[in-house]
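In: Give me a 3D structure for the following:
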Amino acid sequence: MNHCEVAIVGGGILGIAHALEAARLGRQVVLFERDGAAWGASVRNFGMIWPIGQPAEQLATALVSRERWLSLSEKAGFWAAPAGSLHLAHRPDEQAVLEEFMALQGTHGYRVRAVTAEEACQLSPAVRREGLQMAMYSETEVNVDPRQALQQLHRYLQQQAHVEVRYRQAVSKVDFPYLQAGSEQWKAEQIIICSGTDFETLFPAHYQQMEMTKCKLQMMRTRPQPAGFDLGPNLAAGLTLQHYGAFTSCPSLSALKQRIAAEQPLYNAYGIHVLLSATAAGELTIGDSHEYGQDLEPFVRTEINNLILRELNRFAHFPDAQIAEYWAGYYAKSTRGESIIRLSPQPGVWIVNGIGGAGMTLSFGMAAETFAQM
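Out: Residues are numbered from 1 along each chain as shown. A predicted model of the protein is given here:
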C-alpha cells in the first residue's frame, strides 16, 4: 500500500499553499489533482493579490500571503508585479466612502493615500480624466498571471519542495487513514481536502451542513497591448466599494448602495463590479460578475459582458480594446458569510474551503493557520 505523511486533495491555489506549508514543516507530501493540470478557479481569475479588499480581521493574513507570493515568484520563476491599486471616485458618495476608509486605515494598517485626479492619470495611462473627482492609491496589491503562476508553482512543488504530485487521480473516497485515488489506495497520517466546488464526492453531508454555494463569474481578456504601454496600478471604481468587505465599516456606504440600486439595478442583479489588471504578456484582464446557486448554467452571457465593458469604458481606456478571450469561472462560497471553512469530518481529516473569490489573496496565509490549528 502507498503511504504518505500528508495527503492534499486538490491542485488549485489552496491545495498548493497547503502542500508548500506541509513541505516547509518537513512533512512528506503527496498532492492529488484529478485533471492533468489545475483548470478551476485558480486559473480563471484576475491574478490579483488584493489585500485592499479584505476586512480588517483578515488583512494580516493577506499581507502574509503577499510576501509569500513575491518570494515564490523569484524561487519558482513566475512574473509578479507589486503594482498597487487605484480606486477611482467619480461621484460624491464614492469620494465619501474612500475618505472615510482612509480615515480608518491608520487603525487597521491599510497602506493607502488620497491622490488627485491628475495624479491618478499619471499613475496609470488607462485612467479617464473626465468626471474623476479623486482616487485612493493602495501600495499592497500584486499582480501575477494565474495561468503562468500555477504552472510554475506545480513545477516548483515537485522539483524544489519535493512534493509528489499525482495527476489524473481523483480521490473518490476517504476513510481515515485511507483514501482511494484512482485505482490506488493510500494511507496518510493527515488528509487535507481542498476540493473547490466539488461538494458531491467527499463528505457531501458535511458540505450540506456547511451551507456552501457556488459562484459563477464572467471574465475576459484583451490582446497584448502595444509595446510601451504599462497599465500601472490595478483599477477599480465605485461598484467595487460595495463588493469588498474592507469598506463595510464606512458610514457612507449605505447611501452609495442605495444610489447604485436605483441607477444600475442590472449590475446588482448580476453582481457586477469592474476591475482591470495586466498579465505578464501585457494583456488586460477585465471582469467580473457574480451569480450564486448550486446549479449554475455553463453559458457565457453577452448581456453581462456588455454591462462589464460599459462600466469599464466609463473610467478606463487603453490602446487595444479587442477582446481575445471570454470565460466563466466557478468558486465555492459560504452562505453564512464566513470567509474560510475549516471542518474535521473525521480525526486526521480536514476540509478547507469557502475562501470565495479571495483564494489568490489569502491561501498562503490560510495554509499556515490551518497547520497551526491542526
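
In: Pull the distance from the lowest-mean-pLDDT helix or strand in the chain to the chain's centre.
Out: Sorting the helices and strands of the chain by mean pLDDT, DSSP states H and E puts helix 204-209 at the bottom, at a mean of 88. The chain centre lies 24 Å from the centre of helix 204-209; the measure is CA atoms, centre = their mean, to the nearest Å.

In: distance of the residue nearest to Glu200 when sequence neighbours are not counted from Asp295?
Out: Among residues not flanking Glu200 along the chain, Tyr207 sits closest, at 7.9 Å (CB to CB, 6 or more residues apart in numbering). Glycine gets a C-beta too; all of them are placed from N, C-alpha and C. Tyr207 sits 15 Å away from Asp295, going by CB to CB, to the nearest Å.

In: Report the buried residues of the lengthiest helix in the chain.
Out: Ranked by number of residues, the top helix in the chain under DSSP state H is helix 56-76. Of the residues in helix 56-76, 56, 58-59, 61-66, 68-69, 72-73, 76 count as buried by neighbour count, 16 or more other CB atoms under 10 Å.

In: Which strand or helix spans Ile260?
Out: In this assignment (DSSP states H and E), Ile260 forms part of helix 253-263.

In: same thing with Leu14?
Out: Going by DSSP H and E, Leu14 is in helix 13-24.

In: What lies in contact with that helix?
Out: Applying CB atoms under 8 Å, 6 or more residues apart in numbering, the contact partners of helix 13-24 are 5-6, 8-9, 29, 31, 33, 38, 42, 72, 150, 153-154, 157, 161-163, 190, 192, 194, 196, 352-353, 355, 359-360, 363-364, 366-368, 370-371.

In: If we use 6 Å, what do you get?
Out: Applying CB atoms under 6 Å, 6 or more residues apart in numbering, the external contacts of helix 13-24 come out as 6, 8, 29, 31, 42, 153, 157, 161, 163, 192, 194, 359-360, 363-364, 367-368, 371.

In: what does stretch 39-51 give?
Out: Contacts of stretch 39-51 (CB under 6 Å, 6+ apart): 12-13, 59, 62-63, 66, 69, 140-147, 150, 196, 234, 275, 277, 285, 327, 329, 331, 360-361.

In: which of those count as buried?
Out: Among those, those classed as buried by 16+ other CB under 10 Å are 12-13, 59, 62-63, 66, 69, 140-147, 150, 196, 234, 275, 277, 285, 329, 331, 360-361.

In: Report the mean per-residue pLDDT for stretch 262-282.
Out: Stretch 262-282 shows a mean pLDDT of 97.

In: returning to that earlier point: pull the CA atoms of the helix holding Leu14 into CSV?
Out: C-alpha atoms of helix 13-24 as CSV (Å, rounded to 0.1, in the frame of the first residue of the first chain):
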residue,chain,number,x,y,z
ILE,A,13,-4.0,27.5,-5.2
LEU,A,14,-5.5,26.4,-1.8
GLY,A,15,-4.1,22.9,-2.3
ILE,A,16,-0.7,24.2,-3.5
ALA,A,17,-0.5,26.5,-0.4
HIS,A,18,-1.2,23.7,2.0
ALA,A,19,1.3,21.4,0.2
LEU,A,20,4.0,24.0,0.4
GLU,A,21,3.3,24.7,4.0
ALA,A,22,3.4,21.0,4.9
ALA,A,23,6.7,20.6,3.0
ARG,A,24,8.1,23.7,4.8
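
In: per-residue confidence averaged over that helix?
Out: Rounded mean pLDDT across helix 13-24 is 97.

In: any idea how far it is from the chain center?
Out: Centre-to-centre, helix 13-24 and its host chain are 16 Å apart (CA atoms, centre = their mean).

In: can you list contacts of whichever helix or strand comes after that helix?
Out: Using DSSP H and E, the helix or strand that follows helix 13-24 towards the C-terminus is strand 29-33. With contact meaning CB under 6 Å, 6+ apart, strand 29-33 is reached by 4, 6-9, 11, 19, 22-23, 163-167, 169, 171, 181.

In: Type out the PyMOL command that picks the buried ones from the residues you listed.
Out: Command for PyMOL that selects the buried part of the contacts of strand 29-33, burial taken from 16+ other CB under 10 Å:
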select buried, resi 4+6+7+8+9+11+19+22+23+163+165+166+169+171+181
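
In: picking up where we left off before, just checking, which of the contacts of helix 13-24 belong to helices?
Out: Of those, the ones assigned to helices by DSSP H are Leu153, Leu157, Gly359, Met360, Ser363, Phe364, Ala367, Ala368, Phe371.

In: List the buried residues in stretch 328-338.
Out: For stretch 328-338, the neighbour count (16+ other CB under 10 Å) marks Ala328, Gly329, Tyr330, Tyr331, Ala332, Lys333, Ser334 as buried.

In: The fourth one sits in which helix or strand?
Out: Element membership of Tyr331 [criterion: DSSP H and E] is strand 323-334.

In: Show me what secondary structure element comes after that strand.
Out: Counting by DSSP H and E, the element after strand 323-334 in chain order, helix or strand, is strand 341-346.

In: how much does that following strand deviate in direction from strand 323-334?
Out: Here strand 341-346 points in a direction 60 degrees away from that of strand 323-334 (axes from the mean of the first three to the mean of the last three CA atoms, to 10 degrees).

In: Run through the helices of the stretch 101-250 of the chain in chain order.
Out: With helices called from DSSP state H, counting those that start in this stretch, the stretch 101-250 of the chain shows them at 117-123, 146-159, 204-209, 238-241.
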